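K.L.:
sequence? don't have it. structure:
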């Protein structure tokens, strides 16, 4: 069974940093575009960042541009999200996602092939 497992969430003060990581198993990693989404209770899951196969292209939602960086390691089959200058409004459950279609991974969330179970990020003011 294909699995995505997120780690690295936690509590951080505003202005601080966290690095999320997503480990994959039983996934032909190089075939998939990878992304991060987030969700706050009562709201829809929203796109945060995505990275194309082989890592040559990235895309971010406007609110995280310049603060977050997505990267992938095709040898380790992992995708990371480095989050700097965190704000209280970044508080959410962050989900790793994999999809074979670039449009889907950058729009989400209904058609995504594989989801992780999420990791909670809490940013205190």
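P.N.:
Looks like it arrived, so ask away. All values derive from a computational prediction rather than experimental measurement.
K.L.:
how about the helix or strand of the chain with the lowest mean pLDDT: buried residues?
P.N.:
Lowest on mean pLDDT, DSSP states H and E among the helices and strands of the chain sits helix 102-107, with a mean of 91. Buried residues in helix 102-107, counting neighbours by 16 or more other CB atoms under 10 Å, are found at 104, 105, 106. Glycine gets a C-beta too; all of them are placed from N, C-alpha and C.
K.L.:
how far off centre is the helix or strand where residue 93 lies?
P.N.:
Per DSSP states H and E, residue 93 falls inside strand 92-99. Centre-to-centre, strand 92-99 and its host chain are 5 Å apart (CA atoms, centre = their mean, to the nearest Å).
K.L.:
the residue nearest in space to the middle of the chain - nearest residue in space that isn't next to it in sequence?
P.N.:
In the chain, the residue lying closest to the centroid (CA atoms, centre = their mean) is residue 36, at 2.0 Å. In space, and not counting its chain neighbours, residue 36 is closest to residue 48: 4.4 Å by CB to CB, 6 or more residues apart in numbering.
K.L.:
go on, residue 69?
P.N.:
Using CB to CB, 6+ apart and skipping residues adjacent in sequence, the residue nearest residue 69 is residue 82, 4.5 Å away.
K.L.:
name the next helix or strand downstream of the least confident helix or strand of the chain, please.
P.N.:
Past helix 102-107, the next helix or strand by DSSP H and E is strand 114-115.
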